[in-house]
Structures are given as structure tokens and as C-alpha cells.
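# Okay, structure incoming, though there's no sequence with it:
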Ligand code: BG6
């Protein structure tokens, strides 16, 4: 696809409404500031925002955690994470200035005094940095610590009412519960101290450039939307394939599994973005209402339907880049008889006028052959006349594939005539690549999302009702598995595209998984 040189335009439609909102001077307090998420994602994201010059001028980060650090060691910790994980390297001339905005308060999350120390420190940092007292509390901590942290924040009078300035906002990381009941409990806990308008539940997939682009692609172009329905779409496939295994996260993953880890949140959000009705405005609540409507239309599955339409599996020993890798049950921290799924695929339906009868196939797994996230919309076959007359040589259907990562872009498969005296049809691709069109590297999801919180734009965050609607649909699947008494799961060799059962699921509808 030939692409024009992009020109900045005030009319650019964005997935959120943050164009009219600006990041406000504030302090970002990272609960779990010395932890893994902070090191790999948050501190590098903030540094990149600083490099771009988009952070508010008056801004500070306070790491808050039990580890024995002080400001100096926290700065070294941040530097180390940025050196390893930032999309751009540290600029030494800039760093010495920048690091002065990083602070650390040591304390246990259930110790009231720690919050008093935090408060005192904030009251010292803020006037010096010209911050008017706006605070964003980022809970980068295990779910078991959320309750106590929220209570202590409130008890220390660190949470201001929603309508008052300076503002208090809270960012909650996934997992938001492990089923509908626990998600409700967690949401109730947060709601004891924070109004919903102050709560930002992160689903980092929503911060990815290419996910935001799905809306632009759908509603910023005239040619797709007329075809975006059951009359023209045969089916939709959403794939999130990962090459990596469970790595060092077995403790969390054993309790979660692929469905809780990826389907309940990221994949259902991708589904909402691709299936939602055109919102009448890009205001946060409108966009979020329209996405919620998709979740509410998901067809519930009875137990026999779950057995037929949802496949789970676990990776066995195999290869990654030609090197032997162990099966899931042999990974460190995994029970030798674990039945945690590392792969899941399913067929589901969105029961509304637009999508009636159109299957959506979702698949996700760890230790698949490559990292690739894609949403593919396959259109119906052309009539069996003219070029599609002969059943032995069917014309390939059109497919619009939105590549979310890593090779961001989109392609449209169309049929063309092979050059030559006879009419021979050949499928070709019209391809758009972010990299070659826009040149620069896309910002990380966390960059966009942190900026949105500072600006007070919740569009790309999960509202309570959406999180619960999603769990309402997923929980019966998890319950079915819990009560099935299964002692083993189908296995797929690491480095392959999942179990045979997954191929059978889609083949029974005379379709096949896309080759990525
Ligand atoms: C996280 C999951 O939310 O998303 C991980 O907990 C997963 O298991 C990760 O690997 C994938 O994110 P990304 O951005 O690398 O696709």
C-alpha cells in the first residue's frame, strides 16, 4: 500500500479524548517501586516521557516499598532498569538532571507509620518541586496487598475527595481478581477509598499504538465499516502467540493460567475494539459504554458447549530456536502434576445484530513458534460463478489482518490475475507497515497510559463494570475446568502451534488457523 508522508493534523482522530487534556503537575507514587514491573516497565516508560519532553514540568516519582533502598540507591535501580529495558538509551547529560526527580520511601504496606513517612516526604518534595499536591498512586503490588494499601492510604488521609483539587488517583494493575466474585471484592476494596472516577485499571494492551489504531482504521476510513458485519464477514481470528515460556513467573502463573492471564483481559479487549459499534463520540464514557456492550453480548456457554468450544493445553518439552527447552511441568516453581493451561483457544459468538452467527476464534499460548499478535477479519467467499466456479481451485477469500505486534501494520489479501495468457488467480497482499511508513519507534503502552492518568483521561482504562462483565463470561469456563477433575491436559511440544485438538476445533467448521 503506498502511503503518504504523514503530516500532523489537528483533525487526527484518536482513540481517546486526551487530545484536549494535558498531563497535570503531580507526584507518581509507585507502590512496589523496587519491584519487577517498576524496573522493567514503569521507570523506563517515565524516562522516555521525560526524553520526549511530555511530562508535566513539575513532576516527581516516589518509589514506596519494603526493600532497603534510599533515594540514591533507587536512582541507581531506576538507571539499571532503563539501561536494560528502555526503548531509548539514557542520555547522560539529561540523566543527572532527571534523576533528581526520583525519590524513595521505605516501608511496609501494612504499617501505618510508613504512610505517615510517605506523607511527610511528599509534603517535603512537592513544594520544592512546585507540585500542587496532585498524586497518582500506582499499585504495582500483588493483589493480596491491595486491600491493606488502600485502607492505609485512606487512614493516613492521603486520598482526597474526587471533586476536589489537588487530585488523588489510583492505578490498579491486573490481575483484577481471579473470578467474578474476587474481582468484585477487589473493586469493592478500592471503592471504599476511591470514587470510580479516580480509579484507573490498567490493561496495557489498550495502550498499544496498534490497538488504538484499530478504531482509527475502522472509523477513520469509509471502506471498511460497510463490510463490518455478518453479511460480509465469515469469521474473525484473534491470535496472541508468545515464544517465551513461563520464565520466572511460575508462582503467579500456576494460579492464573493462560485464560486468566490473557483472555479475560487483553484478548477480550481486542475483541471489544474490533466488534464494538461506532461510538457517537470519543469521550471516555461513550467509548467505554460501547465496549461494554460487546461484553454484554457474549453468548454464555453451557458446560457441554465449553467442552466443545474451548480447548486448553500445556506445553511439553521441545525447542526454542533449536535449543532444548523443558515442558511446563518441569519449569522451576511449577507443580509436577500441574493442570495449569499454557495454551487456550476458543470459539465464541457476539449475539447482536451486527455479528449474529459470525464465529470469533481466539487463541493464545506460551512457547509457540513466534511472538505474534494479530486480529484477522476473513470475509465471505465470492459467489461460485466466474472465477470461483471450480471447487478444485477455490478463490481465496479476502482477509484483513491487523498486526498488533511485533511487525506492526495491516495487510489486505486480495485476488489478482497472474500475468500470462490464461486467467489464473493468485492471492496477493496490500501491506502497510508502521515502521516503513512512520519511521519512528512507537511509544510503549505504559508511556501512553501513564500520561493519560496524569491528564485524567480514563478512555483506555478498564471500568469496573467492564472488568466484571468480562469475568462474568469467563468464570463459568474456569469453574467447569475446576470441577472437571482433569489430571492432565493435552500437550503440545514447545515451539509448535498448539495441540491437535485446537486444529480440530476450527477444522470442524471447515476453517483453519492462520499461518503466522
Ligand atoms: C501480561 C501477561 O499481561 O502480558 C504476560 O501477564 C504476557 O504473561 C504479557 O506475557 C504479554 O504482553 P506483551 O505486551 O509482551 O504482548
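That came through, no problem. Predicted, not measured: the structure shown is a model, and the values here were computed from it.

# For beta bridges, what are the partners of residue 320?
Listed beta-bridge partners, residue 320: residue 323 (assigned using DSSP bridges).

# Tally up the residues packed near it, please.
By other C-beta atoms under 10 Å, the residues close to residue 320 number 15. Where C-beta positions appear, they are placed from N, C-alpha and C, glycine not excepted.

# So which residues of the stretch 51-200 of the chain form helices?
Using DSSP state H, counting those that start in this stretch, the helices of the stretch 51-200 of the chain run over residues 71-85, 92-98, 112-129, 146-155, 180-193.

# Give the buried residues for the first one.
Counting neighbours by 16 or more other C-beta atoms under 10 Å, one finds that the buried residues in helix 71-85 are 71, 74, 75, 77, 78, 79, 81, 82.

# so, if you compare these, which one comes nearest to residue 44?
Nearest to residue 44, judged by C-beta to C-beta, of those is residue 82 at 5.0 Å.

# Quick check, that closest one in contact with residue 44.
Yes: using C-beta atoms under 8 Å, residue 82 is in contact with residue 44, at 5.0 Å.

# tally of neighbours for residue 440?
7.

# how close does the residue of the chain most remote from its centre sit to residue 374?
Ranked by distance from the centre of the chain (C-alpha atoms, centre = their mean), the top residue is residue 421, with 49.5 Å. Noted for residue 421: a distance of 37 Å to residue 374, by C-beta to C-beta, to the nearest Å.

# and what of residue 66?
Between residue 66 and residue 374 the computed distance is 41 Å (C-beta to C-beta).

# quick one: which of the two has more around it?
The neighbour count for residue 66 versus residue 374, taken as other C-beta under 10 Å, is higher for residue 374 (21 against 14).

# in the strand or helix carrying the more buried one, what counts as buried?
Element membership for residue 374 (DSSP states H and E) is strand 372-379. Within strand 372-379, the residues that count as buried by 16+ other C-beta under 10 Å are 372, 373, 374, 375, 376, 377, 378, 379.

# Show me what the last one is bridged to.
This points to residue 379. Here residue 379 sits in beta bridges with residue 233, as judged by DSSP bridges.

# In contact with it, which residues?
227, 232, 233, 234, 397, 398, 399, 400 (C-beta atoms under 8 Å, 6 or more residues apart in numbering).

# wait, the fifth one sits on residue 381?
The reference is to residue 397. Yes: counting by C-beta under 8 Å, residue 381 is a contact partner of residue 397 at 5.3 Å.

# When those two are compared, which one has more neighbours?
More crowded of residue 397 and residue 381, by other C-beta under 10 Å: residue 397, with 16 against 13.

# That one in helix, strand or coil?
Secondary structure state of residue 397, per DSSP: H, G, I helix; E, B strand; the rest coil, is coil.

# Ok, residue 431 next?
Residue 431 ends up strand, using three-state DSSP.

# now residue 223
When classified by three-state DSSP, residue 223 comes out as coil.

# count of neighbours near residue 447?
Here the count is done by other C-beta under 10 Å, and residue 447 has 22 residues near it.

# which element is it on?
Using DSSP H and E, residue 447 falls in helix 445-455.

# and the next helix or strand after that helix, which residues are buried?
The first helix or strand that comes after helix 445-455 along the chain, using DSSP H and E, is helix 464-482. If you call a residue buried by 16+ other C-beta under 10 Å, then helix 464-482 has these buried ones: 464, 466-478, 480-481.

# Give me the contacts around helix 464-482.
By C-beta under 8 Å, 6+ apart, the list of residues contacting helix 464-482 from outside reads 176-177, 179-180, 183-184, 187, 191, 196, 199, 201, 259-260, 263-265, 268, 272, 288, 291-292, 295-296, 298, 300-301, 303, 306-307, 310, 312, 339, 341, 346.

# now it, how far from the centre of its chain.
Chain-centre distance of helix 464-482: 17 Å, with C-alpha atoms, centre = their mean, to the nearest Å.

# Could you tell me how far the helix or strand that it is followed by lies from the centre of the chain?
The first helix or strand that comes after helix 464-482 along the chain, using DSSP H and E, is strand 491-493. Once both centres are worked out by C-alpha atoms, centre = their mean, strand 491-493 turns out to sit 26 Å from its chain's centre.

# right, and the helix or strand after strand 491-493?
Following strand 491-493 in sequence order, the next helix or strand is helix 500-507 (DSSP H and E).

# gap between the spatially most central residue of the chain and residue 229?
By C-alpha atoms, centre = their mean, the chain has its centre lying nearest to residue 205, at 2.2 Å. According to C-beta to C-beta, residue 205 and residue 229 sit 24 Å apart.

# Check residue 314 too.
Residue 314 sits 37 Å away from residue 229, going by C-beta to C-beta.

# Look at the two and report which has more neighbours.
Shown here are residue 314 and residue 229; by other C-beta under 10 Å, residue 314 has more neighbours (25 against 14).

# Who are the packing partners of the lowest-mean-pLDDT helix or strand in the chain?
One helix or strand of the chain scores below all others by mean pLDDT, DSSP states H and E: helix 434-438, with a mean of 87. Where contact means 3 or more C-beta pairs under 8 Å, 6 or more residues apart in numbering; DSSP states H and E, helix 434-438 is packed against strand 409-417.

# Give me the buried positions along the strand it packs on.
The neighbour-count check on strand 409-417 (16+ other C-beta under 10 Å) flags 409, 410, 411, 412, 413 as buried.

# do the same with stretch 202-220
In terms of neighbour count (16+ other C-beta under 10 Å), stretch 202-220 has its buried residues at 202-215, 217-219.

# swap in stretch 393-405?
Within stretch 393-405, the residues that qualify as buried by neighbour count (16+ other C-beta under 10 Å) are 395, 396, 397, 398, 399, 400, 401, 402, 403, 404, 405.

# mean confidence score for that stretch?
If you average the pLDDT over stretch 393-405, you get 93.

# Residues touching it, excluding its own?
With contacts defined as C-beta under 8 Å, 6+ apart, stretch 393-405 is touched by 205, 208, 210-211, 213-214, 217, 224, 234, 270, 274, 371-382, 387-388, 409-415, 425, 427, 514.

# can you do 6 Å?
By C-beta atoms under 6 Å, 6 or more residues apart in numbering, the surrounding residues in contact with stretch 393-405 are 210, 373-379, 381-382, 387-388, 409-415, 425, 427.

# How far away from the center of its chain is that stretch?
24 Å.

# Pull up the distance across that stretch, start to finish.
Length of stretch 393-405, first residue to last, C-alpha to C-alpha, to the nearest Å: 33 Å.
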